[in-house]
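Undergrad: mind folding the following:
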Amino acid sequence: EHVFETITPSDLRTMRDNPNSFKNFETLILTLSLHLIDLRWSEDSLFERDANAFIREALNCVRTLTRVLPFVYECDRLCAWEQSFFWEPSDRVPPPTITRNISGESTTAENLVHSGASSRPEPSTCLGVELIDALLDLAFWSGFTLPINMNGKNGPTYGFWQSGIAYERRLETSKEFESRRTEIMQLLLVLESKCIYKPANAFTTFGSEAVDFISNHRDRKKVQYLLCSLLNTVLKYQPDARYLSPSPREVHETHVRTCLHFLQVNLLNRSPWSEGSAPPDNRFRDLFSHLHKATHLQFLADGILKILRQPLEANSNGLNIVQRPLVWAHEIIPLLWESLYSNKYFRAFICETGRQFELTVFLLFYILDPNKNVEGVKRVSLLCVQTMSENPEYAISLNKQFEGHDNLPSFMQIKNFHRSYADYLFTVSQHW
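TA: Model (predicted):
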């Protein structure tokens, strides 16, 4: 907040638009980016010498870049400059002297050539690639965003932020770790966001190098840890627990919501491609589409339904102070649609376990709710129903008697209705 108050929009636009001060604007972005990269790769690790100084400098760089970069993307005049500055090979980044493999062990650059370990990209690479790689490593930094690992070594030690998919044992975290991960993800989202500054008619044909790089990262293992960490953090969220201790829960809820946004931006990435060519790969979607264990599918289904259910229950209970609606619950619907669309095992699991009835009612709630009269929410909810309806078993199952109709919110009820789910779906669809 202090950074956002100190560096005002007018100051940044003045520095950006004045030819005499633009060089300072460019130097500011370059210096902050290079310092973050240096904090990640420096052989003489500042974290080992002074952890507090490392944390302070890293967060200051992250916060300042998060503040400054949107003023690059909003200016059409800087499109070519931004492309050259971040995404064309440059010799501004010094060559690596030391790196760590995914287990956290130190290795010299010379040894990496022979060992084949995961390493920093070659020198003269893009600044944007270097910066994103450094940020991803900082998000899994032992002692900074993760607890100190068992061997006591600091640095990037890829693990899981929360238990759930791929890791079932309980994991410790803290408000500080979650807050730092949130700030790193917010900067990554800013780097991925330049397409939203384009006109609506050009949005679908305008890609993002940052999204493409992260969603198809060359290190498959890192993608696995990142995907599972994001999923587990979102799906383990307990909406009703946010009133027990407001301050820490506020930090946690912001962390969960940022994880959801970052997950969906990369998971749903469908970059534009030329006709006749194969679509670009997305390792997030590829790994996600192969989730098939019953325990993982149950964890995914229960986590999504738990969040979708909360506003409906709060609405049905009327004025209930203890159970206020979760105002961002609808933001998880794109994750539900991607789960139904890309994972055939999840689609089958929903019908096999009888969850399709509850899920259909939840989606109709978001379609019909007058307080959520947002076209995008209705559209993606309808896409979910449409995707489920491709399964013949789903359509047949809707002939079951709808027994919970009287417990619905008043705007969803039909007078004297005592028929099937299918009849209810057809009746309410006339009002869409």
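Undergrad: check which helix or strand covers C79.
TA: helix 79-87 (DSSP states H and E).
Undergrad: and that helix, what does it pack against?
TA: Judged by 3 or more CB pairs under 8 Å, 6 or more residues apart in numbering; DSSP states H and E, the packing partners of helix 79-87 are helix 22-41, helix 127-138. C-beta here means a position set from N, CA and C on the backbone, and glycine is covered the same way.
Undergrad: repeat that with 10 Å
TA: helix 22-41, helix 70-73, helix 127-138, helix 209-215 (3 or more CB pairs under 10 Å, 6 or more residues apart in numbering; DSSP states H and E).
Undergrad: tell me which residues in that helix are buried?
TA: If you call a residue buried by 16 or more other CB atoms under 10 Å, then helix 79-87 has these buried ones: E82, F85, F86.
Undergrad: which of those sits closest to Y237?
TA: F86 (33.2 Å; CB to CB).
Undergrad: what's the pLDDT at that closest one?
TA: pLDDT, F86: 95.
Undergrad: N315 too?
TA: 73.
Undergrad: pretty sure it sits against D369.
TA: Yes: the pair N315 and D369 qualifies as a contact (CB atoms under 10 Å) at a distance of 7.7 Å.
Undergrad: shared neighbours of the two, anything?
TA: P325, P409, F411, M412 (CB atoms under 10 Å, 6 or more residues apart in numbering).
Undergrad: buried members of these into ChimeraX, please.
TA: Buried subset of the shared contacts of N315 and D369, written as a ChimeraX selection, criterion 16+ other CB under 10 Å:
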select :325,409,412
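Undergrad: and the shared contacts of N315 and D369, which two are furthest apart?
TA: Spatial extent of these (CB to CB) is set by the pair P325 and M412 at 14.9 Å.
Undergrad: against W161, how distant is the spatially most central residue of the chain?
TA: Centroid-nearest residue in the chain, with CA atoms, centre = their mean: F262, separated by 1.7 Å. F262 is 12 Å from W161, where distance means CB to CB, to the nearest Å.
Undergrad: identify the contacts common to those two.
TA: A139, R181, L226, L230.
Undergrad: going by distance to R257, which of the residues you listed wins?
TA: Distances from R257 to the shared contacts of F262 and W161, taken by CB to CB, are shortest for L230, at 11.6 Å.
Undergrad: was I right about that closest one contacting Y237?
TA: No: the pair L230 / Y237 is not scored as a contact, 11.8 Å apart, by CB under 10 Å.
Undergrad: make CSV from the buried residues of helix 79-87 and add distance to S174 to it.
TA: Converted to CSV, those look like this (distance: CB to CB, whole Å):
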residue, distance to S174
E82, 36
F85, 36
F86, 33
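Undergrad: give me the nearest residue to T173, chain neighbours excluded.
TA: Take T173 and drop its neighbours on the chain: the residue closest to it by CB to CB, 6 or more residues apart in numbering is W161, 6.8 Å away.
Undergrad: just the pLDDT for the one you found.
TA: What the model reports for W161 is a pLDDT of 94.
Undergrad: residues contacting it?
TA: 139-140, 145-146, 167, 171, 173, 177-178, 181, 225-226, 228-233, 236, 255, 259.
Undergrad: which of these are buried?
TA: Buried among the contacts of W161 (16+ other CB under 10 Å): 139-140, 145-146, 167, 171, 173, 177-178, 181, 225-226, 228-233, 255, 259.
Undergrad: on that earlier part again, A strand includes the residue nearest to T173, no?
TA: No: counting by DSSP: H, G, I helix; E, B strand; the rest coil, one finds W161 to be coil, located in no strand.
Undergrad: for it, phi and psi?
TA: Phi and psi for W161, reported as degrees, to the nearest 10, are phi -80, psi -30.
Undergrad: next, the angle from the helix or strand where L230 lies to helix 127-138.
TA: Using DSSP H and E, L230 falls within helix 220-235. Orientation check (axes from the mean of the first three to the mean of the last three CA atoms, to 10 degrees): helix 220-235 against helix 127-138 gives 60 degrees.
Undergrad: what pLDDT, on average, does helix 220-235 get?
TA: For helix 220-235, mean pLDDT is 95.
Undergrad: so what secondary structure elements neighbour it?
TA: Applying 3+ CB pairs under 10 Å, 6+ apart, one finds that helix 220-235 contacts helix 127-138, helix 175-191, helix 209-215, helix 246-267, helix 283-289, helix 294-316, helix 333-342.
Undergrad: quick one, which of the ones you listed is nearest to E57?
TA: helix 127-138 (11.4 Å).
Undergrad: okay, the angle between that closest one and helix 22-41?
TA: 40 degrees.
Undergrad: kindly export helix 127-138 (C-alpha atoms) in CSV.
TA: Extracted C-alpha coordinates of helix 127-138, given in CSV (Å, rounded to 0.1, in the frame of the first residue of the first chain):
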residue,chain,number,x,y,z
LEU,A,127,14.3,-10.4,-19.9
GLY,A,128,10.7,-11.4,-19.5
VAL,A,129,11.7,-15.1,-19.5
GLU,A,130,14.4,-14.5,-16.8
LEU,A,131,12.0,-12.4,-14.7
ILE,A,132,9.2,-15.0,-14.8
ASP,A,133,11.5,-17.8,-14.0
ALA,A,134,13.0,-15.9,-11.0
LEU,A,135,9.4,-15.1,-9.7
LEU,A,136,8.3,-18.7,-10.0
ASP,A,137,11.4,-19.8,-8.0
LEU,A,138,10.7,-17.1,-5.4
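Undergrad: distance between the helix or strand following it and the chain's centre?
TA: Remark: after helix 127-138, the chain's next helix or strand is strand 141-142, criterion DSSP H and E. Its chain's average C-alpha position is 20 Å from that of strand 141-142, according to CA atoms, centre = their mean, to the nearest Å.
Undergrad: pLDDT score for V374?
TA: Per-residue pLDDT puts V374 at 73.
Undergrad: ok, back up a step: the helices and strands packed on helix 220-235: lowest mean pLDDT?
TA: Note on the helices and strands packed on helix 220-235: helix 246-267 shows the lowest mean pLDDT, a mean of 88.
Undergrad: may I see the buried residues of that helix?
TA: 249, 252-253, 255-267.
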